[in-house]
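Novice: Got a sequence here, can you model it:
(2 chains)
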Amino acid sequence: MSTHTVQRTKRANGTSSRPERNTDYVRVGLWIALAMTMLIWAMPLIFVIFTSLKSESAIFSTSSFALPGSAEWSNYTEAIETGNLLTAGGNSLLIAAIKVPLGLLFAAAAAFGLSRIRFKHSRLLLGAFALGSMVPIQVALGPLFKTILDLGLLNHPAGVILPYIGFGLPIQIFILHGFFSAIPREIDESVRVDGGGNWRLFWQIILPLSKPALAALFILDFVATWNEYAIALVILQDQAAQTIPLAIQGFQSQFTSSYGPLNAFTIMSILPVLIVYLLFQRYFVQGMFTGAVKG
Amino acid sequence: MSKITATRLPPPPVLDAQRTSKKPFARRIAKGGFIAALPFLAPALAAYVVFVIGPMVSAVRLSLYEWSGFNSDPQVFVGFDNYVRLFTQDPVFWTAMQNTIVWVLLSLVIPTTLGLVMALALNRPIFGRNLFRSVFYIPGVLAPIAIANMWRWMYNPNYGVFSEISEFLGIGDGSGATFLSDPKLAIYAIFAAFVWQIAGLNMVLFLAGLQSVSKELVESARLDGANNWNVFRHITLPALRPTIIVVLVLTIVHSIKVFDLVVGMTGGGPAQSSQVLALWSYSQSFLQHDFGMGNAIAAVLLGITLVLVIPYLIWSSKGNED
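Specialist: This is a model prediction of the structure:
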């Protein structure tokens, strides 16, 4: 409303402020376009939330756009009771709680070795790691299954944690290598003059200085681990060992037409990630930023 | 062997003195060499070799064998038979290949342009900017399998929103619109969900890239009378070049990997019309128990990825040395 008035006044003022007036029109048009796009973008989530709160008869008789009359929370309780949500949630949490810090530590150590210690062919090794971040996981699924089978880790959390660490390393090493390389080398000098070795440099200097990058990678990796499907699909075949993505797919194929509970299940499965996103929003952008700048 | 001995031999003292005196102090006392780096590299190297490189090499090896995937069954060497069968007797492989190629080409244009437009629109103070950014980005953090289920519901032929919309617009025969069960449409219907998932991701990358556009340059160009398009074409776009390349490479990588969305929405159907290479490889290995074929497809996938990605890696490592 107020923008509208502003435009009117400007138009009345005559042609002196012509460029500004144009900018104003452009701005308002842009904002409306953005708002409409945002509405479209939010729609899938809104429909799922609506459906998850509707009774079966309401789903069949009302429009997808219609607000749920009275919230049908029984969809949620039914989804929890009939689905594998709690077991799968526990498994996913356990796997992420071990994988994310351990993988990040491995990646940080390797990035330190590659960026702060000089040795022949370190760039080539970095390239070999970088390559791994590009190759689709599915290329390795068959043999990976056999490796885990031979290790006796099928249906065991460690059976996915180990490959998750392997596949998570390349991009983390690549990003951390960029971050570590930006820390001035004079710091190394002062540590070494004091008689400190590589370990001290790593633990007491480089790691604490890299907290922002580590935090960003921690959050991004938590989300990626929580969402991973392909490896879990071949390794975790028992229902008791399932992670959240497997439970979603299991619920979907088992209760194809109970739309209310199905959508309630989807909402509950993405809730942890949504909360993590809302709490740590700035880290997402930061993490992406670090990665993008490094290329 | 000889190399290790060579490095252990102390260099002639005179030479050593000359060399060290030229080096900066820190580097002289730095504990360098591969042996010093090894403890830091070992855990990552072990995990990477055993669970990433090893299985990939195995995939190429197994593509030359006939095997059910069960340890109790023997692996029989058959040479290139699997590849011959794949290229000549497997029509689904070619459908999957075509879908993967179409997917990569479409995603190089649609979600990238959309992400760039979103970033350009949101790279200025505008009311509700953070809300816009969040809403555009959030699909990117959701599990693809959850996204598949959300969209599958929206495509529901009887009660889904797309059916409702097409009924409202008078498209179709009124018996409920089909998207995922139409062999011609299914792959594009899944692709729409992919655009929704990935456009915000590209937006964030472009927003990061836009921070490197020189504000002074833009201002002086405007003073010289350049319009929006000229500024974009001659200042913004050149500055975004590295970002654009990163986005395109990531897009290719994401597109080749597409798996969860297809599994969750169609499973490759109807009649394998929405198959993609990554899923067809999995289906052959784990559903048909034909590890030879499955790994032959995996090897093809690996080959395609390397051909597309290695030029980028070479380019980026050269860029970093400058």
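
Novice: from here on, contacts and neighbour counts on C-alpha atoms
Specialist: Noted.

Novice: Find the centremost residue of chain B, please.
Specialist: residue B:253 (1.8 Å; C-alpha atoms, centre = their mean).

Novice: per-residue pLDDT, that residue?
Specialist: Per-residue pLDDT puts residue B:253 at 90.

Novice: Residue A:292 too?
Specialist: According to the prediction, residue A:292 has pLDDT 46.

Novice: For residue B:167, see how far away residue A:62 is.
Specialist: 14 Å (C-alpha to C-alpha, to the nearest Å).

Novice: One more: residue B:145?
Specialist: To residue B:167, residue B:145 is 28 Å away according to C-alpha to C-alpha.

Novice: Neighbour count for the two, which is higher?
Specialist: Ranked by neighbour count (other C-alpha atoms under 10 Å in any protein chain shown), residue B:145 and residue B:167 place residue B:145 first, with 25 against 16.

Novice: Point out where the stretch 201-322 of chain B drops to low pLDDT.
Specialist: Counting by pLDDT under 70, the stretch 201-322 of chain B contains low-confidence residues at B:319-322.

Novice: Which residue ranges of it form helices?
Specialist: Listed in chain order, the helices of the stretch 201-322 of chain B (DSSP state H, counting those that start in this stretch) span B:215-223, B:228-231, B:237-257, B:260-265, B:277-282, B:291-321.

Novice: Give me the residues contacting the third one.
Specialist: Same thing as helix B:237-257. Here helix B:237-257 makes contact (C-alpha atoms under 8 Å, 6 or more residues apart in numbering or on different chains) with A:134-138, A:292-293, A:295, B:100, B:103-104, B:107-108, B:112, B:202, B:205-206, B:209-210, B:212-213, B:277-278, B:301, B:305, B:309, B:312.

Novice: switch the cut-off to 6 Å
Specialist: A:134, A:136, A:295, B:104, B:209, B:213 (C-alpha atoms under 6 Å, 6 or more residues apart in numbering or on different chains).

Novice: Run through the residues that contact the last one.
Specialist: The contact partners of residue B:213, by C-alpha under 6 Å, 6+ apart, come to residue B:239.

Novice: residues from the stretch 151-300 of chain B in reach of chain A?
Specialist: Applying C-alpha under 6 Å from any C-alpha of the partner chain, one finds that the stretch 151-300 of chain B approaches chain A through B:161, B:208, B:246, B:253, B:257, B:278, B:298.

Novice: Tell me the one among those nearest to residue B:121.
Specialist: Among these, residue B:208 lies closest to residue B:121 (C-alpha to C-alpha), at 13.5 Å.

Novice: What is the neighbour count of that closest one?
Specialist: 23.

Novice: Please identify the residues of the stretch 101-250 of chain A in proximity to chain B?
Specialist: Listed as neighbours of chain B in the stretch 101-250 of chain A under the rule C-alpha under 6 Å from any C-alpha: A:106, A:109-110, A:113, A:117-119, A:134, A:136, A:138-140, A:143-144, A:163, A:166, A:189, A:227.

Novice: got the buried residues for the strand or helix carrying residue A:162?
Specialist: Using DSSP states H and E, the element containing residue A:162 is helix A:157-181. Residues of helix A:157-181 classed as buried by neighbour count (16 or more other C-alpha atoms under 10 Å in any protein chain shown): A:157-180.

Novice: Could you figure out how far the host helix or strand of residue A:224 is turned away from helix A:157-181?
Specialist: Residue A:224 is part of helix A:211-227 when elements are defined by DSSP H and E. Relative orientation of helix A:211-227 and helix A:157-181, computed by axes from the mean of the first three to the mean of the last three C-alpha atoms, to 10 degrees: 150 degrees.

Novice: Need the contact partners of the next helix-or-strand element following helix A:211-227.
Specialist: Per DSSP H and E, the first helix or strand lying C-terminal to helix A:211-227 is helix A:230-235. Contacting residues not belonging to helix A:230-235 are listed as A:154-155 [C-alpha under 6 Å, 6+ apart].

Novice: and helix A:230-235, what's its mean pLDDT?
Specialist: 95.

Novice: how distant is that helix from the center of its chain?
Specialist: Relative to the mean C-alpha coordinate of its chain, helix A:230-235 is positioned 18 Å out (C-alpha atoms, centre = their mean, to the nearest Å).

Novice: Now the element after it, going C-ward?
Specialist: Assigned by DSSP H and E, the successor of helix A:230-235 is helix A:244-254.

Novice: buried set for that next one?
Specialist: Residues of helix A:244-254 classed as buried by neighbour count (16+ other C-alpha under 10 Å): A:244-252.

Novice: who does the helix holding residue A:162 touch, helix- and strand-wise?
Specialist: Judged by 3 or more C-alpha pairs under 6 Å, 6 or more residues apart in numbering or on different chains; DSSP states H and E, the packing partners of helix A:157-181 are helix A:85-116, helix A:122-132.
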